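>>> Quick one, fold the following:
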Amino acid sequence: MQINKPIELNGQPIAGGKFPLICTPLVGRTLDKLMAELDVVLPKKPDVLEWRVDFFEQIGDTALVIAAASAIKSKAGQIPLLFTRRSTIEGGEKIALNEAQVIAMYAAVCASKSIDLIDYEMANDAANIVRVRDAAKANGIKLVLSFHNFSYTPGLETLAAKFLTADQLGADVAKVAVMPRDLDDVLTLLVATREASKKLRIPLISMSMGPYGALTRMVGGVFGSSLTFAVGASSSAPGQVPIEDLNVVLAILQKSMAGK
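Alright, predicted model coming up:
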C-alpha cells in the first residue's frame, strides 16, 4: 500500500493534510480578468490556485507580473498560489520571452515571495533547472518539476523514470501528465502513480488528460496523487472536470473506502 505524501508549506501540509488537494487554474489574460476569475473560483473553495502566467498578456513586464501575483494572493487569502509558465512544447501558450527571460522572471517572482509554489518543466536545460531550484529554495518556495506529453502515454518504465528524475533533480513535488489513447493508457498512468508513491521521497501529482483521462482526476488520489486539477471558471487542460462535480466524487470515494 502506498504511503500518501501530502504537499507541505512551511512544514505543514496544505489544507490540513487533505488528500488529494483540489487545484483550480487561473487563465485570465489581464489583471481585471484574473480578478473576475477569482470572484467565480474562490466561493468554490479550492485548496490551491494555479496561475498560468503564459496566458497573461503582460508577461513581458516582470513588475506587472509580480503585482498581479500579489493581487491574486491578497484576494485569495490563505489559499496557496502555484505559479506556472507552461511552455508551448508541453501545451502552453506562446509568449514573447526567451528562456533566459523566463528564468529571470521566475527568480524575481520567487524573490518577491508573492507565490507559494512554482512549476518548471524537467525537460528544460539542466542549468536552468538548477537556477529555478536555487531561486525557489532561497525564498521558501516549493518547486514542482513537471513533465507533460499531449500526444500519447509513454510506457511504464518511462513514466517511472520521469517521477524519479524530478526527485533526483531536487523537486519538492513531481508532476507527470500524459494523453491516453485508450483505457489501457489510463491504467498505465495509474500503475506508474502507485509505484512512484511507494518509492519517491517527495509528493507526486499525476493525471491522464482528455475524456479518458478524466477518470484519473477523480481516482488519482487513491493511487497516490497528492493533487488534482478541476475547473473553477476556465479550464487549462483537456479533461478537467468542474470543481463541484469533483468534490462530490471525492467525497463518495473517501466515504466508501473508509467503510462508512
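
>>> Need the per-residue pLDDT for the nearest residue to Glu99 once chain neighbours are set aside.
The spatially closest residue to Glu99, leaving aside those adjacent along the chain, is Asn128, at 6.3 Å (C-beta to C-beta, 6 or more residues apart in numbering). The way it works is simple: take the backbone N, C-alpha and C, and place the C-beta from them, glycine included. Per-residue pLDDT puts Asn128 at 97.

>>> In terms of secondary structure, what does the helix or strand where Asn128 lies contact?
Using DSSP states H and E, Asn128 falls within helix 126-138. The contact analysis (3 or more C-beta pairs under 8 Å, 6 or more residues apart in numbering; DSSP states H and E) places helix 126-138 against helix 99-112, strand 117-121, strand 142-149.

>>> which helices and strands sit right next to the second one?
Spelled out, that is strand 117-121. Counting by 3+ C-beta pairs under 8 Å, 6+ apart, strand 117-121 packs on strand 81-84, helix 99-112, helix 126-138, strand 142-149.

>>> List the buried residues of the helix holding Asn128.
128-129, 131-133, 135-136 (16 or more other C-beta atoms under 10 Å).

>>> from those residues, which two are the most distant?
Asn128 and Ala136 (12.5 Å; C-beta to C-beta).

>>> sec struct for the residue nearest to Gly224 when sequence neighbours are not counted, please.
Distances taken as C-beta to C-beta, 6+ apart put Ser197 closest to Gly224, at 2.6 Å, once the chain neighbours are dropped. Following DSSP: H, G, I helix; E, B strand; the rest coil, the label given to Ser197 is helix.

>>> gap between Ser197 and Glu37?
32 Å (C-beta to C-beta, to the nearest Å).

>>> do the same with Val249
23 Å.

>>> quick one, which of these two is more surrounded?
Comparing Val249 with Glu37 by neighbour count (other C-beta atoms under 10 Å), the higher total belongs to Glu37, at 21 against 14.

>>> Distance of the more buried one relative to Leu200?
Per C-beta to C-beta, Glu37 is found 32 Å from Leu200.

>>> swap in Glu244?
31 Å.

>>> same check, this time on Glu99
Distance from Glu99 to Leu200, counting by C-beta to C-beta: 27 Å.

>>> Who has more neighbours out of those two?
Leu200 (21 against 12).

>>> Quick check on that one: phi, psi?
Phi and psi for Leu200, reported as degrees, to the nearest 10, are phi -70, psi 150.

>>> Leaving out sequence neighbours, find the closest residue to it.
Asp167 (5.2 Å).

>>> Now do the end-to-end distance for stretch 13-26.
22 Å (C-alpha to C-alpha, to the nearest Å).

>>> So which bits of that stretch are buried?
For stretch 13-26, by 16+ other C-beta under 10 Å, it's 13-15, 18-26.

>>> That's all I had, so thanks and see you.
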